[in-house]
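Visitor: Let's see this in three dimensions:
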Amino acid sequence: MSNWNPYEDPVNYIVLEGKKSPGLADVAGAGTPRNWEERQGYGLSGATLWFTGLGLANFSVTLRLYSVADWDAWHAWKSIVKRVPFGRIPKAQDIRHPLLDELEIKSVVVTNVYQPEQTEDGVWTVKIDFKQYRKLKLQLMKPEGSKDKESDDPYDIRNDQMSKQNQALAEEKARLLGSG
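Guide: Numbers count the residues shown, from 1 in each chain. Purely as a prediction, here's the structure:
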């Protein structure tokens, strides 16, 4: 869904493995983390940042159960978030919600399901923690410097040339691995 508007099209549930969640669902904490490594040299002032790839989002969904029907729906739905038996490998699950769609979060693993808690008179909540799942992609690069001034330092020039060469090789490797 692009340009989702919660006032025009309220969505108060998630869809996990094709099944609509019970009660009312609140999605919280999802984002688009980026991983950066800071590299410093001995006896040097400053540092260089290396982009080491896109991180995986951690977020939670809180289900609010208001009625007997919500509880019945929870008991029918909770099997898709239960812990995998020992000896079995957990699998990622498809998830849908407009907020997650905007962040390109389409697949997740369950990291924790908390016990139901009564948070108000007649309102029970169940919190479920998720972690985004995404296949690995080769992506290692240094961010571009400021465009205000290009360095005329021979070491910076050589480092830029080597970075471009490494980037080209990484792209070629990714292309070859993708076509195999």
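
Visitor: Walk me through the domains of this structure.
Guide: Split into domains by automatic domain parsing, the chain comes to 1-38+55-135, 138-180.

Visitor: As a check, name the ranges of all strands in the chain.
Guide: 15-16, 19-20, 24-28, 34-39, 48-54, 58-65, 93-96, 107-113, 117-120, 123-132 (DSSP state E).

Visitor: which stretch in the ones you listed is the model least sure about?
Guide: In terms of mean pLDDT, the lowest-scoring of the strands of the chain is strand 48-54 (a mean of 85).

Visitor: what helices or strands is that strand leaning on?
Guide: Here strand 48-54 touches strand 34-39, going by 3 or more CB pairs under 8 Å, 6 or more residues apart in numbering; DSSP states H and E. (C-beta placed from N, C-alpha, C; glycine too.)

Visitor: Pull up the pairing partners for the strand it packs on, direction included.
Guide: Here strand 34-39 has these sheet partners by DSSP bridges: strand 48-54 (antiparallel).

Visitor: Return the distance of the strand it pairs with from the chain's centre.
Guide: Averaging C-alpha positions (CA atoms, centre = their mean, to the nearest Å) puts strand 48-54 17 Å from its chain's average.

Visitor: now the longest helix anywhere in the chain, how far from the chain's geometric center?
Guide: When the chain is parsed with DSSP state H, its longest helix is helix 154-179. Put simply, helix 154-179 sits 27 Å off its chain's centre (CA atoms, centre = their mean).

Visitor: thinking again about what came up before, highest mean neighbour count out of the domains of the chain?
Guide: Comparing the domains of the chain by mean neighbour count (mean count of other CB atoms under 10 Å), domain 1-38+55-135 ranks first with a mean of 14.

Visitor: quick revisit: so which of the strands of the chain is nearest residue 171?
Guide: strand 48-54 (14.5 Å; CB to CB).

Visitor: Need the CA coordinates for that closest one. PDB is fine.
Guide: Output of strand 48-54 as PDB, limited to C-alpha atoms (Å, rounded to 0.1, in the frame of the first residue of the first chain):
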ATOM      1  CA  THR A  48      36.300   6.900   8.400                       C
ATOM      2  CA  LEU A  49      32.800   5.400   8.200                       C
ATOM      3  CA  TRP A  50      32.100   2.200   6.300                       C
ATOM      4  CA  PHE A  51      28.600   1.200   5.500                       C
ATOM      5  CA  THR A  52      28.400  -2.500   6.300                       C
ATOM      6  CA  GLY A  53      24.800  -3.100   5.100                       C
ATOM      7  CA  LEU A  54      21.200  -2.700   6.100                       C
END
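
Visitor: Buried residues in that strand, which are they?
Guide: For strand 48-54, the neighbour count (16 or more other CB atoms under 10 Å) marks residue 53 as buried.
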